[in-house]
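# When you get a sec, could you give me coordinates for this:
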Amino acid sequence: MDEEESLGYNYISGKIKNSYIVVTKGDGTFASVQVMKVNSKTKPILENGKIKFKISISFLAEITEDLSGETSHDNAYVRDILERTNYEIRLLCEKAIQKAQTIKADIFGFGRLLYRKKYKLWLEIKDRFEEEIFPELETEIVVQGKITRVKP
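Purely as a prediction, here's the structure:
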């Protein structure tokens, strides 16, 4: 995995203690966000006979730098940076899942989660999971953060 895919894996696994995300603002300048206290939950869902995983990621963050020099405490500014941070984290997670599916490696433990939460289903699919089901598995990633502070 490359650096972005590794970060995505760690966000999904909830192993991030402290990380920085650089977001591109609407005017093309960059802002830096320090992400802390990441929590992640993964839940298997059976929808129309198909297995799907919902991954919910929450975090606390601080805006640490805005290269445009226009750091603001305005709600619209903070909300915009937060939405862009959520988007960047979701992209990292999607890249990690795509890589794992490409190499057919269930590094997220989806099979183990199915075993624990939907045992009867697991018994039916366990022989086909890694080669057939996992590479085509659908995921929904929901990222919801909260910005607690804006550093000047």
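# Now do the phi/psi pair for residue 108.
Residue 108 adopts backbone torsions of phi -90, psi -10, taken as degrees, to the nearest 10.
# who touches it in this structure?
Residues counted as contacts of residue 108 (C-beta atoms under 8 Å, 6 or more residues apart in numbering) are 9, 12, 13, 42, 97, 100. (C-beta placed from N, C-alpha, C; glycine too.)
# Could you rerun that using 7 Å?
12, 100 (C-beta atoms under 7 Å, 6 or more residues apart in numbering).
# Number of residues surrounding residue 150?
A count of nearby residues for residue 150, using other C-beta atoms under 10 Å, gives 16.
# same thing with residue 112?
Residues within reach of residue 112, counting by other C-beta under 10 Å, total 11.
# now swap in residue 126 and tell me
Neighbourhood size, residue 126 [other C-beta under 10 Å]: 13.
# what separates it from residue 114, distance-wise?
Note on residue 126: its distance to residue 114, by C-beta to C-beta, to the nearest Å, is 8 Å.
# Could you do residue 18 as well?
Distance of residue 18 to residue 114, given as C-beta to C-beta: 31 Å.
# neighbour-wise, which of these two wins?
Shown here are residue 18 and residue 114; by other C-beta under 10 Å, residue 114 has more neighbours (22 against 9).
# who's in contact with that one?
Residue 114 sits in contact with 44, 121, 122, where contact means C-beta under 7 Å, 6+ apart.
# which parts of the helix or strand in which it is found are buried?
Taking DSSP states H and E as the criterion, residue 114 maps to helix 110-117. By neighbour count on 16 or more other C-beta atoms under 10 Å, the buried set for helix 110-117 is 110, 111, 113, 114, 115.
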